[in-house]
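> Okay, sequence plus prediction incoming.
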Amino acid sequence: MNKTVNPNELTSDDDYGPLYAARKKVYPQSVHGTFRRIKWGLMAFCLGVYYFLPFVRWNRGLGAPSQAVLIDLPNSRFYFFFIELWPQEVYYFTGLLIVAAVTLFLMNSVGGRIWCGYLCPQTVWTDVFYAVERLIEGDRRERMKKDKSSDPMKLERISEIVLKHSIWLLIAWWTGGAWVLYFNDAPTLVKQLITFQAPMIAYIWIGILTATTYLLAGHMREQVCNYMCPWPRIQAALTDEWALNVTYRYDRGEKRTSVKKAAELRALGQQVGDCVDCYQCVAVCPTGIDIRNGPQLECIQCGLCIDACDNVMAKIGRPKRLIGYDNDINIHRRQEGKAPIYRIVRARTIAYSAIIAAVGGIMIYVLATRTLLDINVLHDRNPVAVKLSDGSIRNAYTARLLNKSGHDRVIAIDIDGPVNATIHVVGADSVTPDRPMIVIPRDSTSELRLLVTAPADGNPEKSIPVHFHVTDIGLGEAASTTDNFVAP
Amino acid sequence: MTDHHNEIDSVSGRSTTGHEWDGIKELNTPLPRWWVITFYLTIIWAIGYWIVYPAWPLISSNTRGVLGYSSRADVAVELANLDKIRGDKMVALGAASLADIEKDPALLALARAKGKTVFGDNCAPCHGSGAAGAKGFPNLNDDDWLWGGTLEQIMQTIQFGARSGHAKAHEGQMLAFGKDGVLKPEEIVTVANYVRSLSGLSTRNGYDAAKGEKIFAENCIACHGDGGKGNQELGAPNLTDKIWLYGSDEATLIETISQGRAGVMPAWEGRLDPSTIKAMAVYVHSLGGGK
């Protein structure tokens, strides 16, 4: 954006000019072609998932939420179709984040900033907002003219502006509205929102996300990518010479001439570049850069310049993909008269894929083999041991029993460790005095006070391990944990 | 002062502030407009805040603000809400019998939670935060009870205390046999060794068991019972078990017999409301020693 300066001519900091540069508003032109169609398709898919997923139902039985994807904060549960996660299982998200990060790296090593160009919410919503702007105010030239015009505004222009911002705000509002639906039963909340009976926090979150969507997609746009997002910086460090990026094939394009001149020169049998300097690639760019300057931080690699250039090449009867997914290696090979080679499968992509497969595999394994019954035990800290009147020793423990299944369980608690030890559960029925049985309601935890008593003789004085076994009487499912039995 | 505001620096092409030090002039680099606007907005916000909320200190009070907001009133509302939320549960706790509370997991959890907090505030100074007790202050986790370990007995002790001065308090004390001249020093040594022998502890060389038994029968069984099994009506401890409130070594026993013992447990009725005392009784009972 700043003027180009030859570093050798610089003598002091002042010569760089001010560090602050005012934004130049970008007016991307509409374009048709393969990549535009891919972007429309992905946009429809992403927004469709985001806006409508909360309404997908999933039957979990009576008393459980029937929303397929639900973050139930008051009850500390996360539901994702057939998966139900408890707060202590939040480490699955660590795995998910690792997979997400490495997938991003993999995408980058295969096709550059695929995420930025096609999938990033900032790109998707900005694209929607540009589409609205184009629909109401016209294409690039019209918008530039309208913005530049110093005439007093007429009613028509005012109504255009009002309409554009209204539609933007409506989309932004729907975006915020969809967000809160992930945290509540969607149909119920929609009803409450319409009748103004929803909790205040829902309106506050809708307000916040309406504001951020409207600001980020309507006003800040490419500045988010250029100044706020860390990924362009990281991406540049993670790429390699084989990664395919949206590239101007300067081996084909240079030297640039006009259409007429090129035809004349070709007729004379001279070497001429295919680029006719039509600036279509610049006109369609949503970040307002010139791809022909080479790889740039601002380039989100959306591929729209490929479409624009292809359309021009078709018109002037030259081969397509003067701009395309390519890399420097192949440009040099073509310059040397060699055939281009593409290496999708290479050490880097294999490594990323392996990490994704390994982490994903571990996650699936852990998820598939996790127990729906568990016990955690905490030894009383004060007093650690109690001497009883007959000289025997008692240790008290706080046990937390987890029943993650959808049905109530009857469980029995057994111990093994100190010689002749007995266990008692405070408050439990003493029908089976030596083997306490407890009911744990579905999808909940029960806190119990366990008292383990052992005679002093036969047990060593220092601490010895004690194992707690819980068994579901009906299903036979079992879990166990170990703590210590301590003498006073 | 000369007006330098329109002076343009020839190197950078920007205006200067007019400030000059040793020939060096400062460039005019204004704050970004958004920053300045935000700054003025915060000032406007602050003025609005002064009007609406309590803000300025006066000599003896402060400006109240037109909303009449006060954080103390907020606390009162929160506390009232808390009472409302707890109301039903505490009513249920007050209505249920002690035994039923222990059998109902929800009530037990509530009683234990409430009991634990109240115990920490009121009982821990003597009995310890985990109710493990100390010399002279009973361990409430074990199964040895001076005044009885059933739910009802525990509640009674909490309500009225022991030697607390309350009309219904537990009375009875260990007499000072030495200080009051009832027993001679050598008799005290003998009976102390006899008491040790009751729970199988070792005795001093040359100790006369028959004499010890005789002294014990004449002076102690009135309260401690035949064979020293104790009497919960009088708070006389069982001398045959392994638990000693003050200690089982000879010196301590001699001190106990000579000087007497009369530890005080305060009465909590009137200081704690009935449902809290109930929760306390259940909590102490559930520590593990309850009968």
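That came in fine, so what should we check first?
> only C-alpha atoms for contact and neighbour calcs from this point on.
Will do.
> Contact partners for A:Ala412?
Shown in contact with A:Ala412 (CA atoms under 8 Å, 6 or more residues apart in numbering or on different chains): A:435-438, A:470-473.
> Only whichever of those residues are buried, select them in PyMOL.
Selection of buried members from those for PyMOL, criterion 16 or more other CA atoms under 10 Å in any protein chain shown:
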select buried, chain A and resi 435+436+437+438+470+471+472
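> Restricted to strands, list the contacts of A:Ala412.
A:437-438, A:470-472 (DSSP state E).
> Now render these as JSON lines, adding distance to A:Leu42.
Converted to JSON lines, those look like this (distance: CA to CA, whole Å):
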{"residue": "A:Met437", "distance to A:Leu42": "55"}
{"residue": "A:Ile438", "distance to A:Leu42": "52"}
{"residue": "A:Val470", "distance to A:Leu42": "50"}
{"residue": "A:Thr471", "distance to A:Leu42": "49"}
{"residue": "A:Asp472", "distance to A:Leu42": "48"}
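> and which of the residues you listed is nearest chain B?
A:Ile438 (10.2 Å; CA to the nearest CA).
> buried stuff in whichever helix in chain B runs longest?
In chain B, with assignment by DSSP state H, the single longest helix is helix B:71-95. Neighbour-count burial for helix B:71-95, counted by 16+ other CA under 10 Å, picks out B:89-90, B:93-94.
> Just the closest of the residues you listed to chain A, please.
When those are compared for distance to chain A (CA to the nearest CA), B:Leu93 wins out at 15.2 Å.
> That closest one and B:Asp100 touch, don't they?
No. B:Leu93 is beyond contact range of B:Asp100, at 9.5 Å (criterion: CA atoms under 8 Å).
> thinking again about what came up before, switch the ones in strands among the contacts of A:Ala412 over to TSV; also include pLDDT and distance to A:Gly117.
As requested, the ones in strands among the contacts of A:Ala412 are exported to TSV (pLDDT from 0 to 100; distance: CA to CA, whole Å):
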residue	pLDDT	distance to A:Gly117
A:Met437	87	59
A:Ile438	88	57
A:Val470	94	53
A:Thr471	93	53
A:Asp472	93	52
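> number of nearby residues for the one residue in the stretch 201-350 of chain A that gets nearest to chain B?
Nearest residue of the stretch 201-350 of chain A to chain B, counting by CA to the nearest CA: A:Met220, 14.0 Å away. Neighbours of A:Met220 under the rule other CA atoms under 10 Å in any protein chain shown: 17.
> Remind me which helix or strand the residue in chain A sticking out farthest from the centre belongs to.
Each residue of chain A has a distance to the centre, and by CA atoms, centre = their mean the biggest one is for A:Asp390: 62.6 Å. A:Asp390 is part of no helix or strand, with elements assigned from DSSP states H and E.
> mind listing what it touches?
B:241-242.
> What are the phi and psi values at it?
Backbone geometry at A:Asp390, expressed as degrees, to the nearest 10, gives phi -90, psi 10.
> likewise the one 10 residues further on?
As for A:Arg400, its main-chain torsions (degrees, to the nearest 10) stand at phi -120, psi 120.
> wait, doesn't A:Met363 sit right on A:Tyr92?
Yes. Checked against CA under 8 Å, the pair A:Met363 and A:Tyr92 is within contact range at 6.9 Å.
> Which one's more surrounded, these two?
Each of A:Met363 and A:Tyr92 has its neighbours counted (other CA under 10 Å); A:Met363 has more, 19 against 16.
> need the contact list for the more buried one.
A:92, A:95.
> so how far is A:Tyr91 from it?
Distance, A:Met363 to A:Tyr91, using CA to CA, to the nearest Å: 10 Å.
> got any ranges where the stretch 301-450 of chain A has weak pLDDT?
Within the stretch 301-450 of chain A, the segments meeting pLDDT under 70 span A:429-433.
> So which bits of it are right by chain B?
Along the stretch 301-450 of chain A, the residues adjacent to chain B under the rule CA under 8 Å from any CA of the partner chain are A:381-383, A:386-391, A:396, A:426-429.
> mind listing the helices for the stretch 201-350 of chain A?
Secondary structure of the stretch 201-350 of chain A, counting by DSSP state H, counting those that start in this stretch: helices at A:222-223, A:231-238, A:250-253, A:259-267, A:280-284, A:304-316, A:328-335, A:347-369.
> Mind listing what's buried along the second one?
So that's helix A:231-238. Neighbour count says helix A:231-238 has A:231-232, A:235 buried, by 16+ other CA under 10 Å.
> Got the phi and psi for A:His467?
phi -100, psi 130.
> A:Val386 versus that one, what's the distance?
From A:His467 to A:Val386 the distance is 19 Å (CA to CA).
> Mind checking which of the two has more residues around it?
For the pair A:His467 and A:Val386, the greater number of neighbours falls to A:Val386 (25 against 18), based on other CA under 10 Å.
> who does that one bridge with?
Counting by DSSP bridges, A:Val386 is bridged to A:Arg394.
> residues contacting it?
Taking CA under 8 Å, 6+ apart as the test, what A:Val386 contacts is A:393-395, A:487-488, B:132, B:141-142.
> other SSEs contacting the host helix or strand of A:Ile171?
Per DSSP H and E: A:Ile171 is located in helix A:155-181. On a contact count with 3 or more CA pairs under 8 Å, 6 or more residues apart in numbering or on different chains; DSSP states H and E, helix A:155-181 meets helix A:34-52, helix A:121-137, helix A:200-213.
> Going C-terminal from it, what's the next secondary structure element?
Taking DSSP H and E, what comes next after helix A:155-181 is helix A:186-194.
> wait, what's in contact with the residue nearest to A:Gly111 when sequence neighbours are not counted?
The shortest distance from A:Gly111 to any non-neighbouring residue, by CA to CA, 6 or more residues apart in numbering or on different chains, is to A:Leu244 (4.6 Å). Counting by CA under 8 Å, 6+ apart, A:Leu244 touches A:109-112, A:325-327.
> what about the closest residue to chain B within the stretch 51-200 of chain A, how many residues close to it?
Per CA to the nearest CA, A:Pro74 is where the stretch 51-200 of chain A lies closest to chain B, at 16.4 Å. When neighbours are defined as other CA under 10 Å, A:Pro74 has 8 of them.
> A helix includes it, no?
No. Read with DSSP: H, G, I helix; E, B strand; the rest coil, A:Pro74 is coil and lies in no helix.
> what's it sitting at in phi/psi?
Dihedral angles (degrees, to the nearest 10) for A:Pro74: phi -60, psi -40.
> what does the one 5 residues further on give?
The phi/psi pair for A:Tyr79 (degrees, to the nearest 10) reads phi -110, psi 130.
> Can you check the pLDDT for the nearest residue to B:Leu253 once chain neighbours are set aside?
Sequence neighbours aside, B:Ala192 is the residue nearest to B:Leu253 in space, at 5.8 Å (criterion: CA to CA, 6+ apart). On pLDDT, B:Ala192 comes in at 95.
> so which strand or helix has B:Ala192?
Here B:Ala192 is assigned to helix B:185-198, by DSSP H and E.
> What helices and strands are in contact with the helix or strand following that helix?
Using DSSP H and E, the helix or strand that follows helix B:185-198 towards the C-terminus is helix B:209-219. Counting contacts by 3+ CA pairs under 8 Å, 6+ apart, helix B:209-219 packs against helix B:185-198.
> Can you give me the buried ones in the helix it packs on?
B:187-198.
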